[in-house]
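K.L.:
Have a look at this fold, sequence not included:
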Ligand code: MG
């Protein structure tokens, strides 16, 4: 019998890739629950094709539409309901931002496998999430390409055999830009990612390198590796998805042309592999040269700010994440400059990084405080760069 899959964020970039994977793997997996943020039209097309047992639309009250939503649930709670649906064995969490956290926790508490594309889940509440997985027997498997690569390279090796993780970063659209030019980059510039087609939030995060900071924190929690043994290297071709260096000096890499369909499929089948991933045939000659560079940390301050927030622990990662989410939304709305994102996030961390973080409620308070700070500062032009 096919394994039931819930997809949270089914109309987004990861969600639509996941449905392409399930289309090819229909003898193994079947979508049983689909949720979207606000795109009712795209969701209706998916519902007509798959007839899932559960349909959720987070913003069900927004926008005029002729879509028949009979039987659909609306509101943020639909994410938790989809994640805990009895027919779902695996939950693909492809929600954007900290809003994905309650569904991850609920799925883990129900003992399900969470195929995690919502890296903010682990950034905001990494300790609570990993403890919940241990306590209730749920499983976290990464969908993020770098973390899938690390999982594939680790292949069950013991933690004491691992010396270092090296995450690759494309460098984003501003890899070769001067610092001055980066500070004034437009939304269109920032959305023009060289190697990956993704949603707007993660694409901006890739331009600031905040995404790589979120991924370092995610790797720390997923693999239990200390921050001083996680490095980042720029690899503009995005062919090598990450490296694992072992204590004997041997280094394994996982590679392939950039496509999220393989990491999505592997998150469903791990630790097994199955045919028909849809990934193009590997042709090293056609791929050409693979190159590596150091990160320009001075010109991309979000990377260091995020990793330092991870090291500091407590409320700092949640503050970093929430301030970044709020600042990216303002940048996308044309209300702040690209360079203001780091200024606002740094300010939020300085003001609120030491807030209490001893419970989920405390972390949500920190999250809300950081968002309020960013919105208030952005309304005060003198506070910006
Ligand atoms: Mg990634």
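P.N.:
Cool, got the structure. Predicted model, so just to flag it, every value in this text is computed and none were measured. Numbers count the residues shown, from 1 in each chain.
K.L.:
in the stretch 201-350 of the chain, which spans are strands?
P.N.:
Taking DSSP state E, counting those that start in this stretch as the test, the strands found in the stretch 201-350 of the chain are 230-234, 240-246, 251-255.
K.L.:
how about JSON lines for these, with mean neighbour count, mean pLDDT and distance to the ion added?
P.N.:
To be clear about C-beta, it is placed using only N, CA and C from the backbone, and glycine gets the same treatment. Shown next, in JSON lines, are the strands of the stretch 201-350 of the chain (neighbours: other CB atoms under 10 Å; pLDDT from 0 to 100; distance: least, CB to the ion, whole Å):
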{"stretch": "strand 230-234", "mean neighbour count": "18", "mean pLDDT": "98", "distance to the ion": "11"}
{"stretch": "strand 240-246", "mean neighbour count": "21", "mean pLDDT": "98", "distance to the ion": "8"}
{"stretch": "strand 251-255", "mean neighbour count": "17", "mean pLDDT": "97", "distance to the ion": "13"}
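K.L.:
so can I have TSV of those strands showing distance to residue 282?
P.N.:
As requested, the strands of the stretch 201-350 of the chain are exported to TSV (distance: least, CB to CB, whole Å):
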stretch	distance to residue 282
strand 230-234	21
strand 240-246	12
strand 251-255	8
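K.L.:
Nearest approach to residue 48 belongs to which of these?
P.N.:
Nearest of the strands of the stretch 201-350 of the chain to residue 48, taken as CB to CB: strand 240-246 at 34.4 Å.
K.L.:
And the strands in the stretch 1-150 of the chain?
P.N.:
With DSSP E, counting those that start in this stretch as the criterion, the stretch 1-150 of the chain has strands at 3-8, 29-36, 54-57, 73-74, 90-93, 113-116, 139-142.
K.L.:
So which of those strands is nearest the ion?
P.N.:
strand 139-142 (9.1 Å; CB to the ion).
K.L.:
Paired strands for the closest one, with orientation please.
P.N.:
According to DSSP bridges, strand 139-142 forms sheet pairs with strand 113-116 (parallel).
K.L.:
Could you break this protein into its assigned domains?
P.N.:
Split into domains by automatic domain parsing, the chain comes to 3-142, 148-203+232-287, 313-384.
K.L.:
could the ones you listed go into CSV alongside distance to residue 215?
P.N.:
Below are the domains of the chain laid out as CSV (distance: least, CB to CB, whole Å):
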stretch, distance to residue 215
domain 3-142, 6
domain 148-203+232-287, 6
domain 313-384, 12
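K.L.:
of all those, which lies closest to residue 218?
P.N.:
Among the domains of the chain, if distance is taken as CB to CB, the winner is domain 3-142, at 4.5 Å.
K.L.:
Ramachandran coordinates for whichever residue of the chain sits closest to the ion?
P.N.:
Using CB to the ion, the single residue of the chain nearest to the ion is residue 144, 4.2 Å away. Main-chain torsions, residue 144, degrees, to the nearest 10: phi -50, psi 130.
K.L.:
in the stretch 201-350 of the chain, which spans are helices?
P.N.:
Remark: helices assigned in the stretch 201-350 of the chain by DSSP state H, counting those that start in this stretch are 210-223, 261-269, 284-287, 301-312, 316-332, 340-352.
K.L.:
between those, which one is nearest to residue 83?
P.N.:
Going by CB to CB, the one of the helices of the stretch 201-350 of the chain nearest residue 83 is helix 261-269, 15.0 Å.
K.L.:
so what does the closest one touch, helix or strand wise?
P.N.:
helix 13-24, strand 90-93, strand 113-116, strand 139-142, helix 145-154 (3 or more CB pairs under 8 Å, 6 or more residues apart in numbering; DSSP states H and E).
K.L.:
Need the contact partners of it.
P.N.:
Helix 261-269 has contacts (CB atoms under 8 Å, 6 or more residues apart in numbering) with 3, 5, 14, 17-18, 20-21, 25, 28-29, 90, 92, 115-117, 141-145, 148-149, 151-152, 241, 256, 273-274, 277-279.
K.L.:
next one: stretch 218-229
P.N.:
119, 122-123, 126-127, 129-130, 140, 142, 144, 146-147, 150-151, 154, 159, 162-165, 167, 216, 230, 307, 310-311.
K.L.:
picking up where we left off before, point out the one among the domains of the chain that comes closest to residue 297.
P.N.:
Per CB to CB, nearest to residue 297 of these: domain 148-203+232-287, 9.1 Å.
K.L.:
Could you list the low-pLDDT ranges of the stretch 201-350 of the chain?
P.N.:
In the predicted model of the stretch 201-350 of the chain, no residue satisfies pLDDT under 70.
K.L.:
that older thread, relative to residue 116, how far out is the residue of the chain closest to the ion?
P.N.:
8 Å (CB to CB, to the nearest Å).
K.L.:
Let me see the contact set for the residue nearest the centre of the chain.
P.N.:
In the chain, the centroid-proximal residue (CA atoms, centre = their mean) is residue 119; its distance is 3.5 Å. The contact partners of residue 119, by CB under 8 Å, 6+ apart, come to 144, 214, 215, 217, 218.
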